[in-house]
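A.B. asks: starting from these lines, generate the structure:
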Amino acid sequence: MQLKEELVNKIMKTNFEQLEIDINKKVSTRGKESFIFKLDKLNTFDTVDFDKIINDLYLLNLKYKENGKTEFYIELLKKVTLFFQHILFLFYCHYNDSDNYKISNISDIEDLTNIYQKIRQISSEIIW
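C.D. replies: The predicted structure follows:
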């Protein structure tokens, strides 16, 4: 019960527009600190960053449901979709015997199916 109250308090305190901007940066930035750069170029899946992005997307979705979609919704949805596609593609590359790409910390990921499930679940939540 306390966790639910904490989530509600966080939702109320979150700046809706800033959250959209932050998520946009996280899913579209290719800079050296970005999740995709770490995965694609450094061959490292950052589970902390990934979970933060997923949680922020849930939070944003609650804001959308509370306040309605913004004019940026469709553009952000496209970027989030491409972001998830890139992640899934790199997992495919890792397991493809004829591809040299390998995720160096793949053994640190507890359950790959869980990553897929998180992507699928948030995707079904944010597309409405």
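
A.B. asks: use CA for all of it now, contacts and neighbours both
C.D. replies: OK.

A.B. asks: and the residue of the chain positioned farthest from its centre, helix, strand or coil?
C.D. replies: What lies farthest from the middle of the chain is S98; by Cα atoms, centre = their mean that is 27.7 Å. Following DSSP: H, G, I helix; E, B strand; the rest coil, the label given to S98 is coil.

A.B. asks: ok, K79 - contacts?
C.D. replies: By Cα atoms under 8 Å, 6 or more residues apart in numbering, the contact list for K79 reads N24, V27, S28.

A.B. asks: could you check the pLDDT of it?
C.D. replies: Model confidence at K79, given as pLDDT, is 95.

A.B. asks: for Y95, see how far away it is.
C.D. replies: Using Cα to Cα, to the nearest Å, K79 is found at 25 Å from Y95.

A.B. asks: filter the contacts of K79 down to the ones in helices?
C.D. replies: Of these, the ones assigned to helices by DSSP state H are N24, V27, S28.

A.B. asks: including neighbour count and pLDDT, could these go into a markdown table?
C.D. replies: Shown next, in a markdown table, are these (neighbours: other Cα atoms under 10 Å; pLDDT from 0 to 100):
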| residue | neighbour count | pLDDT |
| --- | --- | --- |
| N24 | 17 | 91 |
| V27 | 20 | 92 |
| S28 | 16 | 85 |
